[in-house]
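Peer 1: Structure, please.
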Amino acid sequence: MSKVTVLGGGGWAIALAKVLNENGHNVTLWSALEREVEALTKERENKVGLPGVKIPEEIKITNDIKEAVKDSKMIVMAVASSFVRSTSELLKDIGRHTHYGSGEKGQRSDVQRHTLPGICVRQPFDNESCPLILFRGWHQRGQCLL
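Peer 2: Predicted coordinates for the structure are as follows:
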């Protein structure tokens, strides 16, 4: 199957990476935090964000954004809401012309309440056409929307 990159190292990113892996995709998990990448690679688990859930060995874990997105057919944004815009900026020159999935969760303080999550992913690309899929995992008061 195709290569898919999941951006983020928390519980939601790992859950999405596992589902994509179980569905036959070649998955790379990226985190900006070197210490997090080291812990995830060594333990194959996020003991705080998703304790007891092992990350399959087939899932590659890296903090090199260029390596993570190289040849990806889809990039899934699953970083904390407060980092969506800055992470999207990292992709501006290397992640064009691919499909994006926005799995951000939580409420952002720097975006108007009515703004769709995907807008923050698209903005660094100067509103060029970039296919975007939105899916949510959190709603008010911790309710899970699947």
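Peer 1: in stretch 46-62, what counts as buried?
Peer 2: For stretch 46-62, burial by neighbour count (16 or more other CB atoms under 10 Å) applies to 46, 49-50, 55, 59-62. For every residue, glycine as well, the C-beta is placed using N, CA and C.
Peer 1: cool, and stretch 11-26?
Peer 2: For stretch 11-26, the neighbour count (16+ other CB under 10 Å) marks 11-18, 20-21, 25-26 as buried.
Peer 1: Could you dump those into JSON lines with pLDDT added?
Peer 2: What follows is the buried residues of stretch 11-26, written out as JSON lines (pLDDT from 0 to 100):
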{"residue": "G11", "pLDDT": "92"}
{"residue": "W12", "pLDDT": "89"}
{"residue": "A13", "pLDDT": "93"}
{"residue": "I14", "pLDDT": "95"}
{"residue": "A15", "pLDDT": "93"}
{"residue": "L16", "pLDDT": "92"}
{"residue": "A17", "pLDDT": "95"}
{"residue": "K18", "pLDDT": "95"}
{"residue": "L20", "pLDDT": "93"}
{"residue": "N21", "pLDDT": "96"}
{"residue": "H25", "pLDDT": "96"}
{"residue": "N26", "pLDDT": "97"}
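Peer 1: nearest to L91, of those?
Peer 2: Proximity of the buried residues of stretch 11-26 to L91 was ranked by CB to CB; the top entry is A13 with 15.4 Å.
Peer 1: separation between the closest one and I75?
Peer 2: In this structure, A13 lies at 12 Å from I75, with CB to CB, to the nearest Å as the measure.
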